[in-house]
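> Need coordinates for the following:
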Amino acid sequence: MKQPRFIHGDLWRGNILVSKTGELMAIIDCDRALFGDPAFELATGWMIDADFLGGYGLQPDASPEAVLRRRLYKLLLDLEDCYFLRHEYDNPTASEELAPKILSAVAELEAAF
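Presented below is the predicted three-dimensional model:
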C-alpha cells in the first residue's frame with residue numbers, strides 16, 4: 001500500500017442502493033469508513049464476486065503482499081465478528097462456530113511467516 005484511500009469498511013450489496021436501471025443511488029451504513037489500505041475493503045471475501053468487482057471497478061491486487069494483507073484484515077474482521085456475535089448479538093453458537101475458523105487462519109498465517 002503506497003497511499004491510504006477513503007474506504008467504506010463494510011461494503012457489500014446490502015449497503016449499496018441502486019435504481020431499477022442499475023444507477024448507483026447511495027452507499028449507506030458508513031460507520032466503519034476510514035482512510036486506509038484499499039485491500040481492507042476487499043478482505044471479507046464472502047461478498048466478492050464478478051458482479052461486485054465489476055461495479056467496484058477494481059480487481060484485487062494479486063501480489064503476495066496484498067494477498068497477505070487481505071488475509072490479515074479478514075482475520076481482524078473475524079475476530080471482531082466473533083466478539084460481537086457473542087456479546088452484542090447474544091448469539092454464542094455463531095461465535096463458537098467462527099472460533100475454529102479463526103484458529104485455522106492464525107495457524108495458516110503463522111506458517112506464512
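
> contacts, neighbours, all on C-alpha from now
Will do.

> How many residues are close by Glu96?
Applying the criterion other CA atoms under 10 Å, we find 14 residues in the vicinity of Glu96.

> And it, how close does it get to His87?
Glu96 sits at a distance of 12 Å from His87 (criterion: CA to CA, to the nearest Å).

> ok, now Ile7?
Relative to His87, Ile7 is positioned 26 Å away (criterion: CA to CA).

> Give me the below-cutoff pLDDT ranges for this structure.
Judged against pLDDT under 70, the low-scoring parts of the chain cover residues 1, 45-47.

> sec struct for the residue nearest the centre of it, please.
Residue closest to the mean C-alpha point of the chain, counted by CA atoms, centre = their mean, is Thr44 at 2.8 Å. With DSSP: H, G, I helix; E, B strand; the rest coil as the basis, the three-state label of Thr44 is coil.

> Setting aside sequence neighbours, what's the nearest residue to it?
Nearest residue to Thr44 in three dimensions, chain neighbours excluded: Lys74, at 5.6 Å (CA to CA, 6 or more residues apart in numbering).

> what helices or strands is the helix or strand that neighbour falls within leaning on?
If you go by DSSP states H and E, Lys74 is part of helix 64-87. For helix 64-87, the helices and strands in contact under the criterion 3 or more CA pairs under 8 Å, 6 or more residues apart in numbering; DSSP states H and E are helix 38-41, helix 92-112.

> So which bits of stretch 18-30 are buried?
For stretch 18-30, burial by neighbour count (16 or more other CA atoms under 10 Å) applies to no residue.

> Do me a favour and get the end-to-end distance for it?
With CA to CA applied, stretch 18-30 spans 16 Å between its terminal residues.

> ok, now stretch 18-31?
End residues of stretch 18-31 are separated by 20 Å (CA to CA).
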